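Asker: with the input below, show me the fold.
(2 chains)
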Protein chains: 2
Amino acid sequence: MNRIGVDIGGTSLRAAVVDENGKITDRTETVNRKDLTPTENLKPLADFINAHKENAAGIGIGCPGPLDPFDGRILNAPNLPGWENFKVTDYFEDQTGLHTELTNDANAAGLAEALAGAGKGQDSVYFLTVSTGVGGAFVYKGEIVNGANGLAAEVHNMFVNEDTYTHRGMNPGGLELQSSGTAIGRIATEDYGRPVDAREVFDLYREGDETAVRIVNDAARNLARGIENIVCVVDPAMFIIGGSVALKNPEFLDLVREYAKQYVFFPDRLDIETARFGGDAGLTGAAMLINPDVKA
Amino acid sequence: MNRIGVDIGGTSLRAAVVDENGKITDRTETVNRKDLTPTENLKPLADFINAHKENAAGIGIGCPGPLDPFDGRILNAPNLPGWENFKVTDYFEDQTGLHTELTNDANAAGLAEALAGAGKGQDSVYFLTVSTGVGGAFVYKGEIVNGANGLAAEVHNMFVNEDTYTHRGMNPGGLELQSSGTAIGRIATEDYGRPVDAREVFDLYREGDETAVRIVNDAARNLARGIENIVCVVDPAMFIIGGSVALKNPEFLDLVREYAKQYVFFPDRLDIETARFGGDAGLTGAAMLINPDVKA
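Answerer: You can find the predicted model right below:
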């Protein structure tokens, strides 16, 4: 059977029909307008789904967190003002009659990478995404591990060092405050004494600029410490790393691999792959929340 | 059906018959003699098992690591000189004809605590043991998560701070080097300028000694950082903490809870329980490696 994937983002809303082979066969996209309510914004997606729901086992939704995957409810996602406490699964179930599941966007992308990307065939995959933030997904025996409170793979808050900088209540020394694109820009802006973003830091790194080399190495070392911590906790068969910072800067991932090999017990068995699914990972992975063999 | 549990330790070797309710109905114990080979040492256990194997579904073994759970092989366990590369599951299968599984001692104890102790009925339990070292077990949906390389829950090496002290190739700033009984003794010996072990540190702590208060708080804070890291990676429904340092010093666990609540996203949902299974946790948990419904 087919499955429907929905990707809710701060700027755009997408839905797609995903076939039994994980291929998108039909899709729609609309702008997420701040001047409309969530239900007004989602109506074109519900209409699309109703027109394509024949032979569909259900709807999977990927959405920025924090959210409650068990209750199908968006919480106070910074990227979705006006969507607080919206029970998005109820909305789609009411509109379409299809069983609907919700997960965060990193989990959705990780599920696609684990099941149909670099992780295909692996028993356990830990997906990490490094862009403005740092997110993750733990896919064990083909399924997302949500954790008891929906916090599994919320690796942004994992302690990796003793830095004292904090922001938005995150743990000082936490992974996102040390290795995200935002963190790289923040540290560079402080060190250079002028506004510098992550892109410029990597340009300077490639030119051999000493400060940039230090900043990029620190970010890579801290991410590698996070990887070792994940090995110590669950020892996944494979890591897959995506997100713009990682994908646009392959030398960054090379550094991460180099440092991580110094920390783990079996360096030769450490497998850190690059995400390969592309821009539709979240949309396709959301659909994979639904068991294709079960008619709702 | 019954299951046989075997507990291999540096000083003693034990075997027990565990019934369908997880109760030990018969048992034997012998000294692990350094002057004998592994097979000579284990012969009394094999004899016991052969005398009690009727109606037994298999044998589960708990043993100090490192070991290879997939291959049933002891590696270079510091507590088991002369046992290097011994395929202990092969030995028992040859001697008894029963299907045999191997896991490390922390995993065995954690399985008992998760299935029949404080964790009974929980979907995911993370067990930590704090004694001379720091070990762990991740029990998910009723089964040990070994990890791809048998390293899951080998939390001793998890980075929790930036301390530079290292020993036996462990990561500097790793959990065991910061929060184990050995670590508490090492730090105290340095700070007091004379040999002080963890037991004395806790006695001094209870007397309000300033240095001891600082050392105990640091150890508790670092363990709490490790707990937050585990929450970020898998978000278990419950933590269970055992081991002599934790069990003999309830005020230590109170401090750990207090610090951990400052770090986790949902402090009110953080559930840190004390291990309650007692000295037979490892022996009983080893038996629980075997599915009682399957005749070998």
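
Asker: how many other residues sit next to the nearest residue to A:Lys261 once chain neighbours are set aside?
Answerer: Excluding the flanking residues, the one nearest A:Lys261 by Cβ to Cβ, 6 or more residues apart in numbering or on different chains is A:Pro267, at 4.0 Å. To be clear about C-beta, it is placed using only N, CA and C from the backbone, and glycine gets the same treatment. The tally of other residues near A:Pro267 (other Cβ atoms under 10 Å in any protein chain shown) stands at 12.

Asker: what of the one 10 residues further on?
Answerer: Neighbour count for A:Phe277, taken as other Cβ under 10 Å: 23.

Asker: list the contacts of the nearest residue to it once chain neighbours are set aside.
Answerer: Excluding the flanking residues, the one nearest A:Phe277 by Cβ to Cβ, 6+ apart is A:Gly117, at 4.4 Å. Residues in contact with A:Gly117, defined by Cβ atoms under 8 Å, 6 or more residues apart in numbering or on different chains, are A:Ile240, A:Ala275, A:Arg276, A:Phe277, A:Ala281.

Asker: which of those residues lies closest to A:Pro38?
Answerer: A:Ala281 (23.4 Å; Cβ to Cβ).

Asker: how near is the residue nearest to A:Phe277 to chain B?
Answerer: Distance of A:Gly117 to chain B, given as Cβ to the nearest Cβ, to the nearest Å: 18 Å.

Asker: hang on, the earlier thing: quick one, which of the contacts of A:Gly117 are buried?
Answerer: A:Ile240, A:Ala275, A:Phe277, A:Ala281 (16 or more other Cβ atoms under 10 Å in any protein chain shown).

Asker: among those, which ones are in strands?
Answerer: A:Ile240 (DSSP state E).

Asker: now the buried ones among the contacts of A:Gly117 in JSON lines, with distance to B:Glu251?
Answerer: Shown next, in JSON lines, are these (distance: Cβ to Cβ, whole Å):
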{"residue": "A:Ile240", "distance to B:Glu251": "43"}
{"residue": "A:Ala275", "distance to B:Glu251": "46"}
{"residue": "A:Phe277", "distance to B:Glu251": "50"}
{"residue": "A:Ala281", "distance to B:Glu251": "48"}
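
Asker: helices - which of the buried ones among the contacts of A:Gly117 land there?
Answerer: In this view, the buried ones among the contacts of A:Gly117 that belong to helices under DSSP state H are A:Ala281.

Asker: where is pLDDT lowest across the buried ones among the contacts of A:Gly117?
Answerer: Note: of these, the lowest pLDDT belongs to A:Phe277, at 87.

Asker: next up, the contacts around that residue.
Answerer: A:Phe277 neighbours (Cβ under 8 Å, 6+ apart): A:Ala109, A:Ala112, A:Glu113, A:Ala116, A:Gly117, A:Gly242, A:Thr284, A:Gly285.

Asker: could you do A:Thr30 as well?
Answerer: A:Ser12, A:Leu13, A:Arg14, A:Asn41, A:Pro44, A:Leu45.

Asker: what distance do you get for the closest residue in space to A:Gly150 that isn't next to it in sequence to B:Pro172?
Answerer: Distances taken as Cβ to Cβ, 6+ apart place A:Pro69 nearest to A:Gly150, at 4.9 Å, with adjacent residues excluded. For A:Pro69, the distance to B:Pro172 equals 37 Å [Cβ to Cβ, to the nearest Å].

Asker: more neighbours, those two?
Answerer: A:Pro69 (22 against 14).

Asker: which residues touch that one?
Answerer: A:Glu101, A:Leu102, A:Thr103, A:Asn104, A:Asn107, A:Asn146, A:Gly150.

Asker: quick one: the residues you listed as a markdown table, columns for distance to A:Phe92 and pLDDT too.
Answerer: Formatted as a markdown table, the contacts of A:Pro69 follow (distance: Cβ to Cβ, whole Å; pLDDT from 0 to 100):
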| residue | distance to A:Phe92 | pLDDT |
| --- | --- | --- |
| A:Glu101 | 10 | 97 |
| A:Leu102 | 9 | 97 |
| A:Thr103 | 14 | 97 |
| A:Asn104 | 17 | 94 |
| A:Asn107 | 18 | 97 |
| A:Asn146 | 19 | 95 |
| A:Gly150 | 19 | 93 |
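
Asker: reformat the residues you listed as CSV; add secondary structure and distance to A:Ile227.
Answerer: CSV is the format used below for the contacts of A:Pro69 (DSSP: H, G, I helix; E, B strand; the rest coil; distance: Cβ to Cβ, whole Å):
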residue, secondary structure, distance to A:Ile227
A:Glu101, strand, 28
A:Leu102, strand, 28
A:Thr103, strand, 22
A:Asn104, strand, 20
A:Asn107, helix, 18
A:Asn146, coil, 21
A:Gly150, coil, 22
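
Asker: show me where chain A has helices.
Answerer: A:38-52, A:88-96, A:105-116, A:176-179, A:181-192, A:198-206, A:210-234, A:244-248, A:250-263, A:281-287.

Asker: minimum distance to A:Ile24: which of the ones you listed has it?
Answerer: helix A:281-287 (6.5 Å).

Asker: how distant is the closest one from the center of its chain?
Answerer: Centroid separation between helix A:281-287 and its chain, computed with Cα atoms, centre = their mean, to the nearest Å, is 11 Å.

Asker: ok, and for it, which residues are buried?
Answerer: A:Ala281, A:Gly282, A:Leu283, A:Thr284, A:Gly285, A:Ala286, A:Ala287.

Asker: before we move on, what about stretch A:44-61?
Answerer: Buried, per 16+ other Cβ under 10 Å, within stretch A:44-61: A:Leu45, A:Ala46, A:Phe48, A:Ile49, A:His52, A:Lys53, A:Ala56, A:Ala57, A:Gly58, A:Ile59, A:Gly60, A:Ile61.
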